[in-house]
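>>> got a predicted model here, sequence first, then my questions.
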Amino acid sequence: MALQSRDYLNKLGFGVTDYLRVDGNNIINSLGVEIKGLTSQENNVLAFLISRVNTVCSYEQLADVLWGDEALERFSMYSINKVVFQIRRKLRINGQHNVAIKTRRNIGYILSY
């Protein structure tokens, strides 16, 4: 029913955008449905990006989210990029096509709707 309501509002010209929010340990979309299939690392990174929507999150900040106190020793651009790649893929699988994680070359990532 929520999907039908959103489609109806869009037809009337009231742009209803997708968004994500954090509810406890779950990521919830604008329809109130949980995003499925995220690993704990992916969930933590996505929650961090959601908390800073429309703000660039540096690779160093994401490394802190992924590895905490061991971030300096474990830092890997490949690992960070792989986690973000998987998040993007799983968002598409869950129907979140209007949610974008954009790359800011040599800086980090930004989540936008």
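Okay, I see it.
>>> helices and strands around the lengthiest helix in the chain, which ones?
With secondary structure taken from DSSP state H, the chain has its longest helix at helix 77-93. Helices and strands touching helix 77-93, by 3 or more C-beta pairs under 8 Å, 6 or more residues apart in numbering; DSSP states H and E, are helix 40-51, helix 59-67, strand 100-104. Where C-beta positions appear, they are placed from N, C-alpha and C, glycine not excepted.
>>> what pairs with Lys27 across the strands?
Wrong residue type there; residue 27 is Ile, not Lys. Per DSSP bridges, the residues bridged to Ile27 are Val22.
>>> what is the least confident helix or strand in this structure?
helix 2-11 (a mean of 60; mean pLDDT, DSSP states H and E).
>>> quick check: pLDDT value at the residue most central in space within the chain.
The residue lying closest to the centre of the chain (C-alpha atoms, centre = their mean) is Leu46, at 3.9 Å. pLDDT, Leu46: 98.
>>> which residues touch it?
Leu46 makes contact with Leu20, Ile27, Ile35, Leu38, Ile87, Leu111 under the criterion C-beta atoms under 8 Å, 6 or more residues apart in numbering.
>>> and with 6 Å instead?
Ile27, Ile87 (C-beta atoms under 6 Å, 6 or more residues apart in numbering).
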